[in-house]
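Q: got a sequence here, can you build the structure:
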Amino acid sequence: MPHKPKRPCSWPGCPELTDGRYCPHHEKLAMRDYNRYARTKEQKRRYGNHWKRTRDAFLAEHPFCEMCRSEGRVTIADTVHHVRPVSEGGSNEWDNLMALCHVCHSRLHARRGDRWGRR
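A: Prediction:
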C-alpha cells in the first residue's frame, strides 16, 4: 500500500520532512510545551509517570483494540481508555481500562461529547 508523501515539520523554520506533524526532535519539544503550558495542574498529577507505567503494562497485556475485535476486525491498540473517567470518580484499576485504537478512541469521545469544548 502506498504511503503519503512526507511533509515539512510544522516547527517554525525546520526544513526536515516527516510523516507526522513534527520531526522527532521537535515532537519532543512540542510535547514538553504542551505539558508545561496547556495542561492544568490536576491533569499533570493525573497523567504522570504512574499512569505511563500502568498504560504501558496494560497495552502489553491487551495488544488489540477491543472495539474492533467486537466488530470482527483485528487492529493494534495504541490508546488506553478509562471506561469511567478519572474526573468522574474512575480509577486506573485494570477493570476500568479498555485498550483501543486511535480511531475507536476518538469515535467514543465524539459520541460522548466530552471533547472539543462540548459539555
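Q: just the buried positions in the helix or strand hosting residue 53, please.
A: For residue 53, the enclosing helix or strand under DSSP states H and E is helix 49-61. Neighbour-count burial for helix 49-61, with 16 or more other CB atoms under 10 Å as criterion, is recorded at 55, 58, 59. Where C-beta positions appear, they are placed from N, C-alpha and C, glycine not excepted.
Q: after that helix, which helix or strand is next?
A: helix 66-70.
Q: got the CA positions of the helix or strand of the chain with the lowest mean pLDDT in PDB?
A: Ranked by mean pLDDT, DSSP states H and E, the weakest helix or strand in the chain is helix 41-46, scoring a mean of 77. Taking C-alpha atoms only, helix 41-46 is exported to PDB below (Å, rounded to 0.1, in the frame of the first residue of the first chain):
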ATOM      1  CA  LYS A  41      -2.000  21.000  37.400                       C
ATOM      2  CA  GLU A  42      -4.800  18.500  38.000                       C
ATOM      3  CA  GLN A  43      -4.200  16.900  34.600                       C
ATOM      4  CA  LYS A  44      -0.400  16.800  35.200                       C
ATOM      5  CA  ARG A  45      -1.000  15.000  38.500                       C
ATOM      6  CA  ARG A  46      -3.500  12.500  37.000                       C
END
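Q: phi, psi of residue 47?
A: phi -120, psi 50 (degrees, to the nearest 10).
Q: need the contact list for it.
A: residue 39 (CB atoms under 8 Å, 6 or more residues apart in numbering).
Q: what's the pLDDT at it?
A: Looking at residue 47, its pLDDT stands at 76.
Q: same check on residue 115?
A: So, for residue 115, pLDDT stands at 62.
Q: does the residue nearest the centre of the chain have beta-bridge partners, and which?
A: Residue closest to the average C-alpha location in the chain (CA atoms, centre = their mean): residue 79, at 5.1 Å. With DSSP bridges as the criterion, residue 79 is bridged to residue 100.
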